[in-house]
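In: Structure, please.
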Amino acid sequence: MESTTSQLSDINRKKIFMGICLALVPTGFSFVLVSNILAQLKTEFILTNAQVGYIGGAALWGMAVSLLTIGPFLEKIGLKRATVGAFVCHLAGVTFFLFGSLYAGEPNAFWILFMGAIGFGAGNGLIEVAGNPLTAALFPKNKTTKLNHFHAFFPGSMVVGGLLGFAMVEVGSVGFLDLGHWTTQIAIIYIPIIVYGIMVLPEKFPKTETAEAGIPIGEMFRYTFTHPLVWGLIFLKMITLSLEMGPSRWIPEVLLAAGVPGILVFVWISVIMVVLRFFAGTFVERFSPTGMLIGASVLTGTGLFMFAFIETGIVPLLLAATVFGCGIAYFFPTMVGLMSERFPKAGSLGIVLLIGFGFFAAGGSNAIMGSIADSYLPDALNVEQTVDVLEQVEERFPGYIDRAEEAAGNPEEVAELGYRLADVQNVYERSTEALEYYRENGELDGILTGNALRSINDLTLAQEQELINEANAILRPADNYGGRMSFLWVAPVAFLVAIVFLVMYIRDKRKGGYKAVDLTGSDA
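Out: Coordinates of the predicted model:
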C-alpha cells in the first residue's frame, strides 16, 4: 500500500529500498567468504587456531559495537549518515583486510586482519541499524512485508557468496589471477559495496518515524525502557533468534559428521528462506504477523525433532531441512515488523535492542547446544580407540613442542616446520587433560575428550596425518549423535513459544484482528 505522507513525496523509494537491500549483500558475502578462507589464512600467516577464531568472530564483534553504540541514537544521527557510515566502514574494512597480505608471516599481520574484520563487521551492523528503520519509514503501511523482503537478501547473498567462493576455489588460477586465493575472494566484496553506494548515497533519505512525528529522543528512551510489552517482545526475540541461529550453526557440522555434505543442506535452507520472505505479503494478509509466528514456531520445532531422529540419508535430511527452513524463514523480519508496527514509539531504539539482545542470546545458544552435545559424546565414543589416540599424542608431541620452542622467534624456521608452538602445545595439553580424567575416573569426559579430538583434527601437521584421520573417524559419529541430542533438547522450546504467539493471536482476534499502531493517531 502506497504511503501518502508528505516526506515521501520527493523520495525515490524504490531505488533507495533496492539499494539498502543490496547493502545486505556484503554482510552475507563476508560471513561465508571469511569462513571459506580461514584455512588459507592459518597457513599463509602461520596463525594459531585461536587467532583464526578471533578473526572469524571479529566481524560479529564489529557488528555488535555499531549496533549498540550507533543504533540507540539513530534519530539524532539520521538514516543517511548511518548508511554513509556503513559504506565507509565496508570499504575501509575490506581494504584494511587485504592490506594484511603485505605482512604475511609478520607478527602484526594478525592485528591487521583482525581490525579489517572489525571494520566490515561495523559496516554490517550499521546496515542493520539503518536498514530496518529505513524500510519502516519508506513503507509505513506495509512494514512487515517489506522487512521480510529486505531480510531476504541476507540468506540470498549467503547462498550466492557460498557458491561463488566454492566455484572460485574449484576453478583456481585463470592466467595470472588466482581466483581461489583469499585476497581474490575478499576483493569480490568490493562489487556489492560500490553498487549500493552508487545507488543510495546520492539520494534524499526520509526521517525515521519517531523523528518525523516529532517525538523527542528522551521520550523514546523512557517509553522503550519502561514498557513491559516491549521487553516481552525482546525476550521472545531472544528465544526465536536462538532457535534460528543456534541449530543453524550446528546443522552443517552434525550432518558432516554423518557423512552428509552439510553445506548443501545449509544452502537449501537459505534458498527456502529467500523464497518465503519474498512472498511474505500473502502470508501477512492471510494470517497476520502473530499467525505467521505461530506457524513458524511449530514448523521450527517439528524440523528440529526430525533432525534429532533422522541419523543419515540425504533425502530425509533435506525434508527435515525444508520443514526447519520454512519455520525459521519468518522469525527475524516478522519480529522486527511486530516491534515496528505495535510499538512504533520505541523507534530505532526498540529495533536495535530487539536485534542486539537477540544476537546476544543466539551466541549463548551456540554454547548451550555445544555443551549438551558434548555431554552425550562419551555415549557414542569407542573408549579403547579414543584412549589410544590420546596416548599417541602424549608420547610423541613433546618432541614437536621442543622443536617449535627452538624455532621460536625465527619466522623462516617456523615456516619450515609448518606448525606453531601454540598449536601442538594446545593438542598436547588438551589430550593429557582428557587422559588424566579418564585414568582418575575410569570414564571419558565429553567436554575434555571432544576438545582434545577436535584440537587434533584442526592441526596442520603432515607427519601426523594418520593420527589426524584416526581422530576424525572416532569423533565424527560421536559429534553427530551429540548434535542430534542437542536438537532433541531444544525442539520443545519452539512449541512453548508457539503457545505464547497463539495467546497473542487470540487476543488480537477478540479485539477485531491484528492492527498496526499509527504514530500520528494512536499510542501503543
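
In: quick one, strands of the stretch 101-250 of the chain?
Out: Secondary structure of the stretch 101-250 of the chain (DSSP state E, counting those that start in this stretch): strands located at 173-174, 177-178.

In: List the contacts of the first one.
Out: Which is strand 173-174. Here strand 173-174 makes contact (CB atoms under 8 Å, 6 or more residues apart in numbering) with 179-180. (Each C-beta comes from the backbone N, C-alpha and C, glycine too.)

In: what lines up beside it in the sheet?
Out: strand 177-178 (antiparallel) (DSSP bridges).

In: Looking at the strands of the stretch 101-250 of the chain, which one is packed in the most?
Out: Highest mean neighbour count of the strands of the stretch 101-250 of the chain: strand 177-178, a mean of 13 (counted as mean count of other CB atoms under 10 Å).

In: before we move on, the earlier item: may I see the strands of the stretch 101-250 of the chain arranged in TSV, with distance to Arg439 and mean pLDDT as well?
Out: As requested, the strands of the stretch 101-250 of the chain are exported to TSV (distance: least, CB to CB, whole Å; pLDDT from 0 to 100):
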stretch	distance to Arg439	mean pLDDT
strand 173-174	51	82
strand 177-178	49	88
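
In: Can you say which of the ones you listed is nearest to Leu390?
Out: strand 177-178 (38.8 Å; CB to CB).

In: Could you find the closest non-adjacent residue to the spatially most central residue of the chain?
Out: Residue closest to the mean C-alpha point of the chain, counted by CA atoms, centre = their mean, is Met245 at 6.5 Å. If the residues on either side of it in the chain are set aside, Met245 comes closest to Ala362, at 3.9 Å by CB to CB, 6 or more residues apart in numbering.

In: Leu293 now?
Out: Phe501 (4.4 Å).

In: in the stretch 1-150 of the chain, which segments are predicted with low confidence?
Out: 1-7, 48-50, 105 (pLDDT under 70).

In: hang on, the earlier thing: what about the helix or strand hosting the residue nearest to Leu293, average pLDDT?
Out: In this structure, Phe501 sits in helix 465-510 according to DSSP states H and E. For helix 465-510, mean pLDDT rounds to 92.

In: Just give me how far that helix sits from the chain centre.
Out: 16 Å (CA atoms, centre = their mean, to the nearest Å).

In: next one: stretch 222-230
Out: 28 Å.

In: For that stretch, what does the pLDDT average out to?
Out: Mean predicted lDDT for stretch 222-230 stands at 94.

In: still on that earlier bit, tell me what the helix holding Phe501 is packed against?
Out: Helix 465-510 is packed against helix 228-257, helix 280-309, helix 347-376, helix 383-407, helix 446-457, with contacts defined by 3 or more CB pairs under 8 Å, 6 or more residues apart in numbering; DSSP states H and E.

In: for those helices, which one sits closest to Asn148?
Out: Short answer: helix 280-309, nearest of the helices and strands packed on helix 465-510 by CB to CB, at 3.4 Å.

In: and the closest one with helix 465-510, angle?
Out: 130 degrees (axes from the mean of the first three to the mean of the last three CA atoms, to 10 degrees).

In: Pull the residues that contact the helix or strand that helix 280-309 is followed by.
Out: With elements assigned by DSSP H and E, the helix or strand that comes after helix 280-309 is helix 314-328. With contact meaning CB under 8 Å, 6+ apart, helix 314-328 is reached by 243-244, 247-248, 251, 255, 260, 264-265, 268-273, 276, 295-304, 306-307, 310, 494.

In: repeat that for 6 Å
Out: 244, 260, 265, 268-269, 272-273, 296, 299-300, 302-303, 306-307, 310 (CB atoms under 6 Å, 6 or more residues apart in numbering).

In: what about the closest residue to Ile20 other than its chain neighbours, neighbour count?
Out: Closest residue in space to Ile20, ignoring its immediate chain neighbours: Gly131 at 4.9 Å, by CB to CB, 6+ apart. Neighbour count for Gly131, taken as other CB atoms under 10 Å: 27.

In: what do you get for the one 5 residues further on?
Out: Residues lying near Ala136 (other CB under 10 Å) number 27.

In: still on that earlier bit, dump the strands of the stretch 101-250 of the chain to TSV, plus distance to Ala367.
Out: Shown next, in TSV, are those (distance: least, CB to CB, whole Å):
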stretch	distance to Ala367
strand 173-174	40
strand 177-178	37
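
In: And those strands: which comes nearest Tyr223?
Out: strand 177-178 (54.6 Å).

In: Report the distance from the closest one to the chain centre.
Out: 29 Å.

In: Run a quick check on the residue nearest to Ile20 versus Leu22, I expect a contact.
Out: No. Gly131 is beyond contact range of Leu22, at 10.6 Å (criterion: CB atoms under 6 Å).

In: residues touching Val336, list them.
Out: Counting by CB under 6 Å, 6+ apart, Val336 makes contact with 132, 147, 351.

In: and if you look at Ser101?
Out: Neighbours of Ser101 in contact, by CB under 6 Å, 6+ apart: Thr183.

In: so how far is Ser30 from it?
Out: Separation of Ser101 from Ser30 (CB to CB, to the nearest Å) stands at 17 Å.

In: ok, now Gly197?
Out: Counting by CB to CB, the gap from Gly197 to Ser30 is 16 Å.

In: neighbour count winner among the two?
Out: Ser30 (27 against 20).

In: Where does pLDDT dip in the stretch 351-500 of the chain?
Out: For the stretch 351-500 of the chain, no range has pLDDT under 70.

In: And the contacts of stretch 22-36?
Out: 59, 90, 120, 124, 127, 153-154, 157-158, 161-162, 165, 185, 189, 192-193, 195-196.

In: switch to 8 Å and redo it
Out: Counting by CB under 8 Å, 6+ apart, 55-56, 59, 83, 86-87, 90, 117, 120-121, 123-124, 127-128, 131, 150-151, 153-158, 160-162, 164-166, 169, 185-186, 188-189, 192-193, 195-196, 199-200 sit against stretch 22-36.

In: Taking the contacts of helix 314-328, tell me the two that lie furthest apart.
Out: Val260 and Ala296 (25.1 Å).

In: the more surrounded of the two?
Out: Using other CB under 10 Å, the more surrounded residue of Val260 and Ala296 is Ala296, with 28 against 19.

In: ok, and for stretch 503-512, which residues are buried?
Out: Residues of stretch 503-512 classed as buried: 504-505, 508 (neighbour count, 16 or more other CB atoms under 10 Å).

In: Adding distance to Val383, write these out as TSV.
Out: Below are the buried residues of stretch 503-512 laid out as TSV (distance: CB to CB, whole Å):
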residue	distance to Val383
Met504	50
Tyr505	51
Asp508	56
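
In: Now list the buried members of the contacts of stretch 22-36.
Out: 55-56, 59, 83, 86-87, 90, 117, 120-121, 123-124, 127-128, 131, 150-151, 153-158, 160-162, 164-165, 169, 185-186, 188-189, 192-193, 196, 199-200.

In: Now, those residues that are in helices?
Out: 55-56, 59, 83, 86-87, 90, 117, 120-121, 123-124, 127-128, 131, 150-151, 153-158, 160-162, 164-165, 169, 185-186, 192-193, 196, 199-200 (DSSP state H).

In: residues contacting Leu47?
Out: 41, 55, 110, 420.

In: Mind picking the two most distant members of these?
Out: Ile55 and Arg420, at 15.0 Å, using CB to CB across the contacts of Leu47.

In: and Gly175, how far is that from Asn124?
Out: 33 Å.

In: no wait, Val500
Out: Counting by CB to CB - Val500 and Asn124 are separated by 30 Å.
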